[in-house]
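[1] what would the 3D arrangement of this be:
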Amino acid sequence: MDALILSRIQFAANISFHILFPTITIALCWFLLFFRLRFIKTRDPAWEEAYYFWTKVFALTFALGVVSGIVMSFQFGTNWPGFMERTGNISGPLLGYEVLTAFFLEASFLGIMLFGRGRVSERVHLIATFLVAFGTTMSAFWILSLNSWMHTPAGFEIVNGQFIPTDWLAVIFNPSFPYRLAHKLLASALTASFLIAGLCAWQLIKGSATAGTHKAMRSALVAAAVVIPIQFFAGDLHGLNTLEHQPAKVAAMEGIWETESGAPLTLFGIPDEAAGTTHYAIKIPKLASLILTHDLNGEVKGINEFPDAHPPVAPVFWAFRVMVGVGTLMLVVAWFTAWQLWRRRGQSASGKVQLPRPLLYVLAGMTFSGWVATLSGWYVTEIGRQPYVVFGLLRTSEVGTQIAPSMIALTLTAYLIVYALLLVTYIGVLKYMAENPFKHAPLPGRESALGKAGV
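    Numbers count the residues shown, from 1 in each chain. Purely as a prediction, here's the structure:
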């Protein structure tokens, strides 16, 4: 493999590992803020138990996100020098704004959130939690603004081969940004919800649950049941925007080869790019046109309309189906579990979650389902942008490094080994934490409920 392919694989590996952790922390900190507010309002120690347990999960996840993000940013210089040379006047400031308005905010107040208990007032502690949550969201705002600009560039002119900003509002709020931001924030909410529900279910299975487990689990399940239909709606809007600006990506997602009116929806099949067809396709007549254009006879452009400017079909086609499939499974599980909670709401006066044991195993098995949906969706987005790095204007092949392929292969191998070890360790630590809830130091003038229970 040449340097371009190896660099693409290396960047994909790094961003795939990195995105796992911000996808959790963006929404998890808002859950922490909710837990904290509920404790302040009710003075129920169960909410405080939930807050401090999940604060530790947040800290661990945040640390891995920061470290992997730093490594990823290095590759702009080592593997993609042409990208920064050509787009640095736009990508540089946007990345800088993320550091100044988001990362510094998170780093400054994370210490107060983690270690301020008993050392600062409740109000300051609550404000610190809010600012960390706000910082994680602002981080997503700036990164997705840059990423969206690469898909739907706006507010610039090209001077001597360089992209020069002419309208920063148009750059930041480019045509696909609102849809991409909403879709990502909702994806984070679902990822965090199923992580919380899954670990809490595991605690119930293993008999290590505390009062905070039940509070956190109920909150996560209700959040998932509410968010998932909104995510489907946001995804539909995002798809319509993509059809307008990147029709080749949509054609690859749907496996549509020839432009046609009343295009069928291909549920499954095997795309064959060489033959220009999808073998063994299972189709529903006219449904693709209805979904994509909201018209049974709407026209959808085919892949063959873009002979030298369409993405690789098979990865986009299958990644899209994995994303939709996992999302549908999330919808079924979230709604069924919410219905079970509603049915059993009067069975426990203490507010404990009462769910059938098989359902607990299902929730535990879906702990990281948000990761699967997020990665597959990210592959649809990023592979679907090829062969461009700035859509329609700058090809990926124009900005790659001249480093020897053997050196890239060496660092790629090292990254993969380290990332595999870190991922296994991370999951192992979460499992250990779930099975052995931490004993929190008592607040001034009050023992913690965990300490009283001897946990």
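
[2] tell me, how many residues neighbour the closest residue in space to residue 384 that isn't next to it in sequence?
    Once flanking residues are discounted, residue 384 sits nearest to residue 249: 3.6 Å by CB to CB, 6 or more residues apart in numbering. The C-beta positions use only the backbone N, C-alpha and C, and glycine is treated the same way. For residue 249, the neighbour count with other CB atoms under 10 Å is 25.

[3] surely residue 249 meets residue 309?
    No: in this structure, residue 249 is not within contact of residue 309 by CB atoms under 8 Å, at 10.7 Å.

[4] what touches both of those two?
    Common neighbours of residue 249 and residue 309, counting by CB atoms under 8 Å, 6 or more residues apart in numbering, are absent.

[5] what residues of the strand or helix carrying residue 15 count as buried?
    Using DSSP states H and E, residue 15 falls within helix 3-42. Within helix 3-42, the residues scored as buried using 16 or more other CB atoms under 10 Å are 3-4, 6-11, 14-36, 38-39.

[6] equivalent analysis for stretch 197-215, please.
    197-205, 209-215.

[7] pLDDT wise, what is residue 447 at?
    Note on residue 447: pLDDT of 41.

[8] what's the answer for residue 96, then?
    Value listed for residue 96 in the pLDDT field: 88.

[9] what's the next secondary structure element after the helix holding residue 15?
    helix 45-78.

[10] that following helix vs helix 3-42, what angle?
    Helix 45-78 and helix 3-42 are oriented at 160 degrees to each other (axes from the mean of the first three to the mean of the last three CA atoms, to 10 degrees).

[11] packing partners for the helix or strand just after helix 45-78?
    With elements assigned by DSSP H and E, the helix or strand that comes after helix 45-78 is helix 81-98. In terms of contacts (3 or more CB pairs under 8 Å, 6 or more residues apart in numbering; DSSP states H and E), helix 81-98 is packed against helix 45-78, helix 122-151, strand 162-165, helix 168-172, strand 388-390, strand 394-395.

[12] which of those sits closest to residue 293?
    Closest of the helices and strands packed on helix 81-98 to residue 293 is helix 122-151, at 20.2 Å (criterion: CB to CB).

[13] right, and the helix or strand after the closest one?
    strand 156-159.

[14] return the set of buried residues in that following strand.
    Neighbour count says strand 156-159 has residue 156 buried, by 16+ other CB under 10 Å.

[15] partners of it, with directions?
    Strand 156-159 has the following sheet partners, assigned by DSSP bridges: strand 162-165 (antiparallel).

[16] outside of the strand it pairs with itself, list whatever touches it.
    85-90, 93, 153, 155-158, 171, 390.

[17] top of those by neighbour count?
    residue 87 leads these on contacts (other CB under 10 Å) with 26 neighbours.

[18] roughly how far apart are that one and residue 277?
    Counting by CB to CB, to the nearest Å, the separation of residue 87 from residue 277 is 37 Å.

[19] what does residue 207 give?
    Taking CB to CB, one finds residue 207 at 55 Å from residue 277.

[20] need the max-distance pair from the contacts of strand 162-165.
    Farthest apart among the contacts of strand 162-165 - using CB to CB - are 85 and 155, which lie 19.6 Å from each other.

[21] if I read this right, residue 398 contacts residue 81, doesn't it?
    No: checked against CB under 8 Å, the pair residue 398 and residue 81 is beyond contact range at 11.3 Å.

[22] show me what the helix or strand hosting residue 109 is packed up against.
    For residue 109, the enclosing helix or strand under DSSP H and E is helix 104-115. Applying 3+ CB pairs under 8 Å, 6+ apart, we find helix 104-115 packed against helix 45-78, helix 122-151.

[23] okay, the angle between the longest one and helix 81-98?
    Relative orientation of helix 45-78 with respect to helix 81-98: 150 degrees, computed using the same axes, to 10 degrees.

[24] so what's residue 404 closest to, chain neighbours aside?
    residue 3 (7.3 Å).

[25] pretty sure residue 267 belongs to a strand, no?
    Yes: looking at residue 267 with DSSP: H, G, I helix; E, B strand; the rest coil, it is inside a strand.

[26] which residues touch stretch 424-443?
    Residues outside stretch 424-443 that contact it (CB under 8 Å, 6+ apart): 48-49, 52-53, 56-57, 60-61, 64, 117-118, 199-200, 202-203, 206, 208, 210, 213, 368, 448, 450-451, 455.

[27] if we can go back for a sec, give me the mean pLDDT for the helix holding residue 15.
    92.

[28] what packs against it?
    Under the contact rule (3+ CB pairs under 8 Å, 6+ apart), helix 3-42 is packed against helix 45-78, helix 122-151, helix 177-206, helix 211-245, helix 369-383, helix 405-435.

[29] which one of the helices and strands packed on helix 104-115 lies nearest to residue 324?
    helix 122-151 (19.9 Å).
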